[in-house]
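Undergrad: here is a sequence together with a model predicted from it:
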Amino acid sequence: MATIPSNSLASTLPDIQSTGDRRKVAIDKVGVKGVRYPIVLRTPGNGKGNGQLHTVATVNMYVALPHDVKGTHMSRFVEVLNEHHESLSSDTLSDVCKAMKERLKADEVHLELSFPYFIDKKAPVTGQSGKLDIDVGFEMVSNGVEDFVLTLKVPATSLCPCSKEISKYGAHNQRCEMTVRVRLAEGQHLWIEDLFAMIEQCASTQVYSVLKRPDEKYVTEKAYENPKFVEDIVRDMAVRLNGDDRIVWYQCYSENFESIHNHNAFAFIERDKRAN
């Protein structure tokens, strides 16, 4: 029995998605959400940008749908992802968006990836090496112009200045999560590692994956010597972001997971440097 090629079979089946719609309501975003997919990211490597990191991303892919088209072709999103997942980086997302536009015949596309990223960090005293995982996001909108946003969530430690000042001994500290979202100037590039190093310096002290006793002594004392409110953290983040000409827009915020309160502390700053 002869086998009918899948593309020939598809051409004989009705294409309901491409039929018209009479309600005259355009859809801002339609597509696939929550696709878990293995990806390969380009990393600095030995400083030449030839390193690789394998991870698993959660991917959202959308198009804007005109008012007169009934639906989009969901399988085509994953087809595009299949073709590009082995060479993803912030500067190749435009290729994926271009392919989405062509395959889905769309004027506007949205691509979002979130994934764990692993930073090599050495303990501050013993030099014990370990990998620290952070959450990273890529977002791109392409509709004639391209808008890319890089997001990092950086774990750290904060120590309360008030607690240190009023207590006879000790001070309460807590984990904090610092989040930064940035847009870059045209033609500029910023490695995840560079942005991470910039932001983690803004807390009372850093966190590590491996700490021996001499390291624990160091980070405990370092936090005590460098107390910061959540307000201090986001202001220090803003100062560093303001000083980097590669960055033209940012949001930075910190959530401190309080150890002696039944609530968290939070602060947020947004600035568009192009508006000045």
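TA: Structure received. These figures come from a predicted structure and were not determined experimentally.

Undergrad: the helix or strand where Val141 lies pairs with which strands, parallel or anti?
TA: Per DSSP states H and E: Val141 is located in strand 129-142. Paired with strand 129-142 in the same sheet, following DSSP bridges, are strand 109-122 (antiparallel), strand 146-159 (antiparallel).

Undergrad: make JSON lines from those and add mean pLDDT and mean neighbour count to it.
TA: The C-beta positions use only the backbone N, C-alpha and C, and glycine is treated the same way. Output for the strands paired with strand 129-142, formatted as JSON lines (pLDDT from 0 to 100; neighbours: other C-beta atoms under 10 Å):
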{"stretch": "strand 109-122", "mean pLDDT": "95", "mean neighbour count": "18"}
{"stretch": "strand 146-159", "mean pLDDT": "95", "mean neighbour count": "20"}
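
Undergrad: Glu165: which of those strands is closest?
TA: Each of these has some distance to Glu165 by C-beta to C-beta; the shortest is strand 146-159, at 11.3 Å.

Undergrad: now do that closest one: distance to the chain's middle.
TA: On the basis of C-alpha atoms, centre = their mean, to the nearest Å, strand 146-159 sits 7 Å off its chain's mean C-alpha point.

Undergrad: what do you get for stretch 106-113?
TA: Distance, centroid of stretch 106-113 to centroid of chain: 16 Å (C-alpha atoms, centre = their mean).

Undergrad: what sits up against that stretch?
TA: Residues from elsewhere that reach stretch 106-113 (C-beta atoms under 8 Å, 6 or more residues apart in numbering): 29, 31, 39, 57-65, 72, 88, 93, 96-97, 100-101, 137-144.

Undergrad: write the ChimeraX selection for whichever of the residues you listed are buried.
TA: Selecting only the buried entries of the contacts of stretch 106-113 in ChimeraX, with 16 or more other C-beta atoms under 10 Å as the criterion:
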select :31,39,57,59,60,61,62,63,64,65,72,88,93,96,97,100,101,137,138,139,140,141,142
